[in-house]
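> Show me how the following folds:
(2 chains)
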Amino acid sequence: MPTPYEVPPPPMTSGERRRVRRLERPVQGRYLAGVCAGLAQHLGLKVRHVRLAFGLACLAGGAGIAAYLFLWALTPQSLGATLVARTDAVAVGRPTNEPVRNLVVGLGFLFVGGVLVAQQRGVNLRLGLLIPILTVVGGAVLAWSQLDDAERGRWLVGDTGRAGRRAGLVRLGIGIALATVGVVVLVTQGRGFSGLWEVGIPAVAVLAGVALVAAPWGVRLWADLRAEQAQRIRETERADIAAHLHDSVLQTLALIQRQAGDSAAVVRLARAQERELRGWLYAGPLGSQASLGSAVTEVAHEVEDLHGMPIELVVTGDRPLDVGGAALVRALREALLNAVRHGAAPVSAYVEVGSESVEAFVRDHGPGFDLDAVPLDRFGVRESIVGRMSRHGGVATLRRLEQGTEVSITLPVTAPGGHPQIQPDEQNDTEALTDSHARTDAEVQADTEGPR
Amino acid sequence: MSEPRSPQPAPIRLVLVDDHRMFRSGVKAELDESMLIVGEAADVDSAIAVVAQTRPDVVLLDVHLPGGNGNGGSDVISGSGGVTTESGVPVRFLALSVSDSAEDVIAVIRAGARGYVTKTINGPDLTSAIRRVADGDAVFSPRLAGFVLDAFGAAAGEVAVIDEELDRLSTREREVMRLIARGYQYKEVAKELFISIKTVETHVSSVLRKLQLSSRHELTAWAVGRHLL
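Numbers count the residues shown, from 1 in each chain, chains lettered A, B, ... in the order given. Take a look at the predicted model:
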């Protein structure tokens, strides 16, 4: 027998972790309940061969079926997958459902055909016994399929919503009804309806009695199961949080302890960590990267990190990021850099995204400076802020306050040259531009940007 | 935010409510002698008891607190309804928070706080904010002003036709809020708009009133579909 290491991985397990050597039923790549796949994985055989063997065994008096059912009942579902199964069940369940149904229906027809042929050949199959037994088995399988781990999880959590839950209940009900009818017919063989009453009523009475006795136990089991499940979810969440805190906060605290002498570095570290944690705690879903508001926030954080001076940023409203917006973001970045370099704390930035225009203000509390006094070769304010905005149909002004300086930037949202609100073909271009600002110098960009 | 005021004969009586002892001692160290800390509390229930017993001028209130009905600072405010100082003025609350989430801030303001500042505020600014609240004025941080502009649709250009309209800001209120969001202090706002500081304070108080009484959907169901920061 080949060792597992010499055998190429079976196709369906290529995406799975190979170190699992216990006999388990994988969730992915299975046709029925994953018994063959699990066995193949466990023994290091090709899954096709295992399936073939089972198929042949089925022909030998149904031994294959018995073995399959036996293994299915006793083999746990792949552990790593059970947690994921809740989310995966929807995705995985669907593709496996289809072949299962086809297979079951096909086998059913095959079986019925076989029985008819046998009957005609004169073999006594004792249909009176066979049909009730088959009914019982069918019902039991239907009802038991509800106890499959992934199914049960899906069922309990109700991820698939009310419809999925109802479908499960219907299946369970039909299964129970089938089994009951089968049992009754089996027991009342050949005695007709009177026999049904004779046997049926005591049977129902006994069942009711058993149900009565077992009910509290069942309820407790159910409650335990739910509690355990809730506990597991909580533990997973806790582990996630712990992992995140370890990677972020604890690392930063260690860094802070090492650099305790350098107060500027400590402030910078604390601020960056605070922001990261805040984003993690309060931020909405990711993927809103292409909005003006998030671009502005990103730029402000970047400048904060570069110079370790906190910026009080307030953004109201939001809109998709277009070319003009990207220019405004870069001008704002330049203004913020000026404020933290030459001004004094506190530095405030306010961006108001209105329906007709976007206004941005950057204010510091430094001594202030005069634009005319800045030498012509200094590129910063004149080119990166004022020039850039006018090229995009906006206005940027610099104002000296009693205490500090304020840069005001206004950009009409529907500029006369016409940047429609969203231009799908320019979207990529815009993202590329905003990406580049993190790497290249702002002054260089002033030359390389925009077609105008 | 500090401007010269007539010398204060009596110090402002202050209660600190925060569940972090380290933060309470930090605040105590930063405040000057014009503030007298008469009580401290670390959770909702003890805070209500301390406020009722000491009847302070101002309560510095953390937004997130254990105990009560689970609503933190808002529970303290609603539990201290009707408590007045010795001179019959209602006890005033200044919310203090590390949380930037709009729903927390709006909730505590609507419960009755006279203002909101972040915990990163420096000592002098905190002192002047407390003094302002003790005088019955409102304290808006730039961030709160941003929230207000957004919540009232003012940033999108909605403006009240009559000043008393609860669901919108008047033109002047909008201007004041915008300047505060830009980092201007009250006296700078006054200078910019050619009005007196008293008028600025009136506008801010009126915005606070609208914030507390308006039934705008954005204020009642804040942050359901919005992620502002």
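> burial count for A:Pro310?
By other CB atoms under 10 Å in any protein chain shown, 18 other residues sit near A:Pro310. Heads up, the C-betas are built off the backbone N, CA and C, glycines and all.
> Provide a list of residues in contact with it.
A:Arg271, A:Glu304, A:Ala345, A:Pro346, A:Val347, B:Thr120 (CB atoms under 8 Å, 6 or more residues apart in numbering or on different chains).
> How much space separates the fourth one from chain B?
Applying CB to the nearest CB, to the nearest Å, the value for A:Pro346 to chain B is 7 Å.
> what residues are up against that residue?
A:Pro346 makes contact with A:Pro310, A:Glu312, A:Asp364, A:His365, B:Gly183 under the criterion CB under 8 Å, 6+ apart.
> Compare those residues and tell me which is most surrounded.
A:Asp364 (29 neighbours).
> sorry, back to before: show me which of the contacts of A:Pro310 are buried.
By neighbour count, with 16 or more other CB atoms under 10 Å in any protein chain shown, the contacts of A:Pro310 hold A:Arg271, A:Glu304, A:Pro346, A:Val347 as buried.
> hang on, isn't the last one packed against A:Met309?
Read that as A:Val347. Yes - assessed by CB atoms under 8 Å, A:Val347 is found in contact with A:Met309 at 6.2 Å.
> Between the two, which contacts overlap?
A:Val340.
> Tell me the confidence at A:Arg171?
A:Arg171 is assigned a predicted lDDT (pLDDT) of 75.
> and it, what are its phi and psi?
Torsion angles at A:Arg171 (phi, psi; degrees, to the nearest 10) stand at phi -60, psi -40.
> what do you get for B:Gly115?
Torsion angles, degrees, to the nearest 10, at B:Gly115: phi 170, psi 180.
> Same check on the one 10 residues further on?
Note on B:Asp125: backbone dihedrals following degrees, to the nearest 10 are phi -60, psi -40.
> repeat for A:Leu313
The phi/psi pair for A:Leu313 (degrees, to the nearest 10) is phi -110, psi 130.
> Give me the neighbour count for the nearest residue to B:Gly136 once chain neighbours are set aside.
Nearest residue to B:Gly136, sequence neighbours excluded (CB to CB, 6 or more residues apart in numbering or on different chains): B:Arg92, at 7.1 Å. Here the number of neighbours of B:Arg92 (other CB under 10 Å) works out to 22.
> again with A:Leu398
Neighbours of A:Leu398 under the rule other CB under 10 Å: 20.
> Assumed it was part of a strand.
Yes - under DSSP: H, G, I helix; E, B strand; the rest coil, A:Leu398 falls within a strand.
> before we move on, the earlier item: export the contacts of A:Pro346 to a markdown table and tack on secondary structure and pLDDT?
Shown next, in a markdown table, are the contacts of A:Pro346 (DSSP: H, G, I helix; E, B strand; the rest coil; pLDDT from 0 to 100):
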| residue | secondary structure | pLDDT |
| --- | --- | --- |
| A:Pro310 | coil | 81 |
| A:Glu312 | strand | 85 |
| A:Asp364 | coil | 86 |
| A:His365 | coil | 83 |
| B:Gly183 | coil | 87 |
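> now those in JSON lines, with distance to A:Leu39?
As requested, those are arranged in JSON lines below (distance: CB to CB, whole Å):
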{"residue": "A:Pro310", "distance to A:Leu39": "62"}
{"residue": "A:Glu312", "distance to A:Leu39": "64"}
{"residue": "A:Asp364", "distance to A:Leu39": "71"}
{"residue": "A:His365", "distance to A:Leu39": "74"}
{"residue": "B:Gly183", "distance to A:Leu39": "69"}
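> which of those lies closest to B:Arg21?
Within these, the smallest distance to B:Arg21 is 25.1 Å, found for A:Pro310 (CB to CB).
> Look up phi and psi at whichever residue of chain B sits closest to chain A.
Nearest to chain A in chain B, going by CB to the nearest CB, is B:Gly183, at a distance of 2.6 Å. The phi and psi values for B:Gly183, taken as degrees, to the nearest 10, are phi 100, psi 10.
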